[in-house]
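[1] Sequence and predicted model, in that order:
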Amino acid sequence: MQGSGNFERSEGRFERIDVLDLFIKRNVLPLGLFFQLTGMLWLGSIEYYAMLTYIFCFFPGLISLCLHLYCFGMRSCFRGLTVGEKLLSVLFLWVVINSLFMNDAVNQEAVLVRVVTACLYLYVVRTVVLYGQNNHELFLLSAYVATLFALITLVYHYGILEQPIGVRIVGVEGYRVGSLGIEEFGYLVSPILAALYYGVFASMLWVGLINGLYKSKRKTFIVMVCISVIFTFILFSGSRGPLLAFAGMVAMSFLLINSHGKSKLMLVLLAFGYVLLFSFNQKIATLINNTFIDGFSGRFTIWETTIAYISQHPLVGHGSFAEYPGPIIEGRIMKHPHSMILGLLFYWGIPAAILYIATVVWGVFISYVHRDQPHMQMAGCILVFGFVGMLTDTFNLLSRPGLEWLLFFFPVALCVSKKEVRPVSSN
């Protein structure tokens, strides 16, 4: 009888844990992910953004993970790992081992904290996709918020401040829009990073649009307007990398999505591209020529310097937080390699770059294999957008949760979310 009572108490305890775990997964973590995706726009403080991301995203994620381990044991985390998860595990392990030899004790601790935080972020995104009940609405709301701030930024700079409008891609110089410029609201550092950030949400909206997820004509029209606003922002940012990334994302979407109107949309886009090239062919040719003359805005010089540094320690790199004594371009000292792949080579050597590229290739492949799932379509498109966009910019992969995580860890987490949801309780 006593054993039966202990069993009933144990069963009741597991049931309460299951309820708490499910509440966190379905209610708290989606809110935390929303803060992480959009908080840098509307919180008005980078410090508040970091604090709320940890409070509503990482801390609840840690609690949920601990509850999962309590119910299912440590082995459950290693059972049925995807190839992508294994590649990332090896990458993180290499970064941690590298820091033991290339960094002091303070930096070693910082590296470990960043790696653990990145793992928690992957867990949060994957859990939200697998257990969330309104993921489509969550990502759509995030895209709406991003579009609103992109529009406010455009109106503020070109309408209120009356900055000169320019479209660099066709040779018309003007003000390059980036951060909002009002305290720390919409603070996205530079035009190219702002264009990459907003481009992620354009990718979300684009996938839903050509996949026919927006059933009503009103919502379809709103989404088309949102994509137009963000694309206008990217054009006015004067950043060529995000434009190429956007083109790569669109091409990837046609590969992943089989909708009835895909052929018509492809013809429209090809016709638009032809008209653009025909109308501005001389200006575009001049722009391409000038791009090579000025070394792709000084990046050729930066990359040449970076390759020289990489050649000093090609296998192990210079360490996670090594100083980057870059060249002086237009009176500014460059403090990072302006390329994710070269950055990986500089900080952690050849193995890190190979693992990163292998993870991207796996993500593209797996999103194609499971393209019947909408979130996998979104994952493949954002992954391609991020990979192309980060070829010519962004900082250290282990920077604080922000743009780089949105361009790489976020779509990879979506890719590993194809697995079936295990029951919340195992007892």
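    It's in.
[2] Can you give me the pLDDT of the closest residue in space to residue 131 that isn't next to it in sequence?
    Excluding the flanking residues, the one nearest residue 131 by Cβ to Cβ, 6 or more residues apart in numbering is residue 25, at 4.1 Å. Using the backbone N, CA and C atoms, a C-beta is placed for each residue, glycine as well. On pLDDT, residue 25 comes in at 91.
[3] gap between residue 25 and residue 34?
    15 Å (Cβ to Cβ, to the nearest Å).
[4] where's the longest helix along the chain relative to the chain centroid, distance-wise?
    Longest helix of the chain, by residue count under DSSP state H: helix 105-131. Distance of helix 105-131 from the chain centroid (Cα atoms, centre = their mean, to the nearest Å) equals 14 Å.
[5] After that helix, which helix or strand is next? Please name it.
    As assigned by DSSP states H and E, the chain's next helix or strand after helix 105-131 is helix 135-154.
[6] I would like the residues contacting that next one, please.
    Here helix 135-154 makes contact (Cβ atoms under 8 Å, 6 or more residues apart in numbering) with 30, 33-34, 37-38, 41-42, 128-129, 132, 177, 179-181, 185-186, 194, 197-198, 200-202, 204-205, 208, 213, 226, 229-230, 232-233, 236, 374-375, 378.
[7] Can you go through those residues and name the buried ones?
    Among these, those classed as buried by 16 or more other Cβ atoms under 10 Å are 30, 33-34, 37-38, 41, 128-129, 132, 177, 179-180, 185-186, 194, 197-198, 200-202, 204-205, 208, 213, 226, 229-230, 233, 236, 374-375, 378.
[8] helices or strands up against the longest helix of the chain?
    helix 29-42, helix 59-72, helix 83-102, helix 135-154, helix 410-415 (3 or more Cβ pairs under 8 Å, 6 or more residues apart in numbering; DSSP states H and E).
[9] where are the low-confidence patches of the stretch 201-350 of the chain?
    Within the stretch 201-350 of the chain, the ranges that satisfy pLDDT under 70 run 258-297.
[10] Strands of that one, residue ranges please.
    Secondary structure of the stretch 201-350 of the chain (DSSP state E, counting those that start in this stretch): strands located at 328-329, 332-333.
[11] thinking again about what came up before, and the helices and strands packed on helix 105-131, which is most packed in?
    Mean neighbour count (mean count of other Cβ atoms under 10 Å) peaks for helix 410-415 among those, with a mean of 27.
[12] Can I get that helix in PDB, CA atoms only?
    Output of helix 410-415 as PDB, limited to C-alpha atoms (Å, rounded to 0.1, in the frame of the first residue of the first chain):
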ATOM      1  CA  PHE A 410      17.300  31.000 -36.200                       C
ATOM      2  CA  PRO A 411      16.900  29.300 -39.600                       C
ATOM      3  CA  VAL A 412      19.100  26.300 -38.500                       C
ATOM      4  CA  ALA A 413      16.800  25.900 -35.500                       C
ATOM      5  CA  LEU A 414      13.900  25.900 -37.800                       C
ATOM      6  CA  CYS A 415      15.600  23.200 -39.900                       C
END
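[13] No more questions from me, cheers.
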